[in-house]
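Undergrad: give me the fold of what follows.
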Amino acid sequence: MANHLMKTTALGLIAACAFVGGAQAGGLERGGYNIDLLFDPGQYTFESGVTYVAPQRKLENVQDTDASDGPLNALGYEGSTDETESYFVPRVGFKAQLVDGLDCMVDYSQPWGAHTKPGSTWAGANHNIETKVNSDNYGLTCSYKFDAGPGQVRIIGGGFYQQVDGFKDRLVVAPEVLPAFGLTGTGLGRLDLEGDGWGWRIGAAYEIPEYAFRASLVYNSEVKLDDITGTLDLTGVPSGLPGGGGLFGNVTDVYGATAMPDSIELKVQSGIAPDWLAFGSVKWTDWSQLQSIPFCPVSTRGVVACATGSPAGVDVTSLDLIYRDGWTISGGIGHKVNEQWSVAGSVTWDRGTSQGFGSQTDTWTFGTGVSYAPNQNVELRLAGAISLLTSGESGVVTANGETYGDDVSYDFGTDIAAAVSTSLKVRF
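TA: Next comes the predicted model:
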């Protein structure tokens, strides 16, 4: 019973439920890191899957609190808007047992991402029209296991390469006020960015196959994006408008630096009765290192440090996130119905990363999944989830001696996100 349970419910449905549960996590998390394929008992195993997430976050009672770029409420801009966009999260992996006790896995995933699109007609357009972040992660992870007591110890290590890119559009000045200066234009500004870096992971696990027991602890390092490059496009803002500092009407090459967060995750699973298994996990992610990310003209590189609060004309724009650390706690039950079918359910709590600035509050996710294995070599999985996005508000906050959120305020109620995940695993 236990060995078959490990091959189906444990490695199939836990992964499926975890994926749909974590796809609506805080910060910039999308697929996160997942190395469960490394534990598959097959000698050679291929896995591919995709998760679709449809969040529904509505911002209400929107007030433009910075009239210097145009009083958007008075100009008729909308006081409510839908902020979020639906997205897909793909994943592909291949695991091989190289020699007895030594397993290695290569995989492609998209651990980070974000897409908000409140649009250009809401009263917070001076804060955000559309923001999108993409990532591509290519990893190699290996483990070596050996006997210890009634089970086996597994030592885990590996590395990964990440590419991150994105953009942000916002209203720099309302086009309705430009005629007062004898000017015309869209008033729009756009920031485009890209960067890359390397990371590593280390961990350990203890397994007792007889009881379908496994406990693992894995640390994933931060990924330093030391050379983010891009452009600040202000061609939509007339160069004759006062206060541009030479930026209005031009495209300026910019640069900056940050790091994607490190994380540590504990996972535990165990058979609790014939054909029944319980599982759970706790993960910490260092989102608090992403506060305000300044960007400066390439022409100033090596002359003046690019940092928030730099002398005028150096720090020309920034991405303000002001996150706090993320915590994700999940638990669930799996059941093998017969030799082909298994089912599972899970509950996940994710602590919101916003601190009074932004709309990422606590999330509760309820997931369920089904696994169909027509034989020992093929497994199909389907999982779904509903997330409750708790209510809150966004406004002025002070962090690291700087003020943020003084351009717009809004609130939001309890909203819902839906997710569905499907995957195929083939052993040969």
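Undergrad: quick one, helices of this structure?
TA: Ranges of helices in the chain, per DSSP state H, are 2-5, 14-22.
Undergrad: mean pLDDT lowest for which of those helices?
TA: Mean pLDDT per stretch puts helix 2-5 lowest among the helices of the chain, at a mean of 42.
Undergrad: for the residue with the largest distance to the centre of the chain, report the pLDDT, please.
TA: The centre of the chain is farthest from one residue, residue 182, which by CA atoms, centre = their mean lies 43.9 Å away. We have a pLDDT of 94 for residue 182.
Undergrad: now it: closest residue in space that isn't a chain neighbour?
TA: residue 240 (7.8 Å; CB to CB, 6 or more residues apart in numbering). (Each C-beta comes from the backbone N, C-alpha and C, glycine too.)
Undergrad: one more: residue 358?
TA: Nearest non-adjacent residue to residue 358, counting by CB to CB, 6+ apart: residue 394, 5.7 Å away.
Undergrad: contacts only, for that neighbour.
TA: 354, 356, 357, 358, 359, 405, 408, 409, 410, 411 (CB atoms under 8 Å, 6 or more residues apart in numbering).
Undergrad: where's the fourth one relative to residue 404, distance?
TA: Right, residue 358. Computed with CB to CB, to the nearest Å, the distance linking residue 358 and residue 404 is 9 Å.
Undergrad: strands of the stretch 301-428 of the chain, start to end?
TA: 317-320, 326-336, 341-350, 363-375, 378-389, 392-394, 397-399, 402-404, 408-412, 415-427 (DSSP state E, counting those that start in this stretch).
Undergrad: pull up the per-residue confidence for the spatially closest residue to residue 395 that is not a sequence neighbour.
TA: Excluding its sequence neighbours, the residue lying closest to residue 395 (CB to CB, 6+ apart) is residue 409, at 4.0 Å. Looking at residue 409, its pLDDT is 97.
Undergrad: take the contacts of residue 394 and lay them out in TSV including neighbour count.
TA: Shown next, in TSV, are those (neighbours: other CB atoms under 10 Å):
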residue	neighbour count
354	20
356	15
357	21
358	20
359	22
405	21
408	23
409	19
410	25
411	15
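Undergrad: which one among those residues gets closest to residue 34?
TA: Among those, residue 354 lies closest to residue 34 (CB to CB), at 24.8 Å.
Undergrad: so who does the closest one touch?
TA: Here residue 354 is in contact with 26, 322, 323, 324, 360, 361, 392, 394 (CB under 8 Å, 6+ apart).
Undergrad: thinking again about what came up before, what bridges to the residue nearest to residue 358?
TA: Per DSSP bridges, the residues bridged to residue 394 are residue 410.
Undergrad: quick one on the thing from earlier: from residue 61, how far off is the residue nearest to residue 395?
TA: Residue 409 is 8 Å from residue 61, by CB to CB.
Undergrad: please apply the same query to residue 246.
TA: Residue 246 is 37 Å from residue 61, by CB to CB.
Undergrad: and if you look at residue 153?
TA: In this view, residue 153 and residue 61 are 55 Å apart by CB to CB.
Undergrad: bridging residues for residue 367?
TA: Following DSSP bridges, residue 367 is listed with bridge partners residue 346, residue 385.
Undergrad: ditto for residue 271
TA: Following DSSP bridges, residue 271 is listed with bridge partners residue 277.
Undergrad: and what of residue 122?
TA: In this entry, residue 122 is beta-bridged to residue 78, by DSSP bridges.
Undergrad: hang on, it packs against residue 76?
TA: No - the pair residue 122 / residue 76 is not scored as a contact, 11.1 Å apart, by CB atoms under 8 Å.
Undergrad: could you list the low-pLDDT ranges of this structure?
TA: The model of the chain has pLDDT under 70 over residues 1-24, 309-313.
Undergrad: quick one, strands of the stretch 1-150 of the chain?
TA: In the stretch 1-150 of the chain, the strands defined using DSSP E, counting those that start in this stretch lie at 44-56, 58-64, 81-82, 87-99, 102-109, 114-116, 130-148.
Undergrad: if I pick residue 169, what's in contact with it?
TA: Counting by CB under 8 Å, 6+ apart, residue 169 touches 128, 129, 130, 131, 188, 189, 190.
Undergrad: name the nearest residue to it, ignoring sequence neighbours.
TA: Residue 169 sits nearest to residue 129 (CB to CB, 6+ apart), 4.2 Å away.
Undergrad: from memory the one you found sits against residue 186, does it?
TA: No - counting by CB under 8 Å, residue 129 stays clear of residue 186, with 10.8 Å between them.
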